[in-house]
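Participant: Would you be able to build a 3D model of this:
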Amino acid sequence: MIHGGPQGGPVGGAEAFKKQKALADRGWQLVLPDRPGHARSPSRGPEDMELDAVWAAELLGASSHLVGHSYGGLVALAAAARRPAAVKSLTLIEAPLFFVAKDDPDVQADRAEQERIVAADMDPIQRLMAFGAFARIPREELEPPTREQMIAMGQGLARMRSPGGWEGGDAVRIVNGAKIPVLFVTGGWSPRFDAIGRRVAEITGGRHEIVESGHHFPQLNEASFNNVLDSFMRGVEERN
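Facilitator: All right, here's what the predicted structure looks like:
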């Protein structure tokens, strides 16, 4: 399970997917790494989905179900493209795959707004707060950052490789060619993410599921999300 960003904060894999630890009681083994620059892992430079995909692909072992949330969804998609034979299934949670909906004006308007916030000449904490409000990050449900971490996160947003500029079409084509089952989960609060989810499902022949959350972390809706993910992965296991 690959978590999102930005760099510099206290949230790593164990925190972002804390509600999924209950899946271990259903027989699943979870691997919850901290991406570089997050929680306990030191930074390796600005956030970059394709660079993170290198080590993420190595963690897959011989065969794994791969889950990615937000920016981590971009990492997961890129990792699946690097080692498609090692991926049993791919679940993307509110991943900002803006490139799949280039013809959707609402999605592209939101992409432009995210780009504006990330590139704006403002104080790092102001940038972080503006981004958090735009992306509807449920701050009250996650480990709170210190002031120093907030500054680092705001700086990380300004330096990261932006989702809006990533052309991941080749990765999608590789996933399709490998016939990897795909699930895209959204929280029902954002028309842009729902539109991206529907488009990904159309392109990949996969599924788009809404797990009502009211924010960007539908996996925090423990019972509903875990039931959807568990059912999806078990279905893949049964077909194989």
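Participant: show me the contacts for His3.
Facilitator: 11-13, 15-17, 32, 34-35, 38, 69-70, 72 (Cβ atoms under 8 Å, 6 or more residues apart in numbering). No exception for glycine: its C-beta is placed from N, CA and C like everyone else's.
Participant: same check, this time on Arg159
Facilitator: So Arg159 contacts Gln7, Pro46, Glu47 (Cβ under 8 Å, 6+ apart).
Participant: these two touch, right, the first one and Gly154?
Facilitator: This means Gln7. No: checked against Cβ atoms under 8 Å, the pair Gln7 and Gly154 is beyond contact range at 10.3 Å.
Participant: between the contacts of His3, which is nearest Asp170?
Facilitator: Closest approach to Asp170 among those (Cβ to Cβ): Gly72, at 19.2 Å.
Participant: Now for the residue nearest to the closest one when sequence neighbours are not counted, how many residues are close by?
Facilitator: Among residues not flanking Gly72 along the chain, Ile2 sits closest, at 3.7 Å (Cβ to Cβ, 6 or more residues apart in numbering). Ile2: 31 surrounding residues under other Cβ atoms under 10 Å.
Participant: Pretty sure Ile2 sits against Leu74.
Facilitator: No: counting by Cβ under 8 Å, Ile2 stays clear of Leu74, with 9.1 Å between them.
Participant: List the residues that are in contact with both of the two.
Facilitator: Listed as contacting both Ile2 and Leu74 by Cβ under 8 Å, 6+ apart are Gly68.
Participant: Provide the backbone phi and psi angles at the nearest residue to Glu115 once chain neighbours are set aside.
Facilitator: In this structure, Glu115 finds its nearest non-sequential neighbour in Gly164, 4.8 Å apart by Cβ to Cβ, 6+ apart. Reported as degrees, to the nearest 10, the phi and psi values for Gly164 are phi -70, psi -20.
Participant: Out of the contacts of His3, which sit inside strands?
Facilitator: Judged by DSSP state E, strands contain the following of the contacts of His3: His69.
Participant: before we move on, back to that, show me the one in the contacts of Arg159 that has more neighbours than the rest.
Facilitator: Neighbour-wise, those (other Cβ under 10 Å) top out at Glu47, 27 neighbours.
Participant: how about the helices in the chain?
Facilitator: For the chain, the helices defined by DSSP state H occupy 13-16, 49-58, 71-82, 105-119, 124-135, 147-159, 169-177, 191-204, 222-239.
Participant: rewinding a little: just list whatever residues bridge to the residue nearest to Gly72.
Facilitator: Ile2 has these beta-bridge partners by DSSP bridges: Gly68.
Participant: Could you do His208 as well?
Facilitator: Residues in beta-bridge contact with His208 (DSSP bridges): Phe184.
Participant: can you list contacts of stretch 187-199?
Facilitator: 94-98, 100-101, 104, 106-107, 110, 136, 184-186, 208, 210-218, 221.
Participant: I'd like to know which of these are buried.
Facilitator: Buried subset of these (neighbour count, 16 or more other Cβ atoms under 10 Å): 94-98, 100-101, 104, 107, 110, 136, 184-186, 208, 210-211, 213, 215-218, 221.
Participant: From the residues you listed, which land in strands?
Facilitator: Phe184, Val185, Thr186, His208, Ile210.
Participant: give the contact list for the fourth one.
Facilitator: His208 is in contact with Leu183, Phe184, Val185, Thr186, Asp194, Gly197, Arg198, Val200, Ala201, counting by Cβ under 8 Å, 6+ apart.
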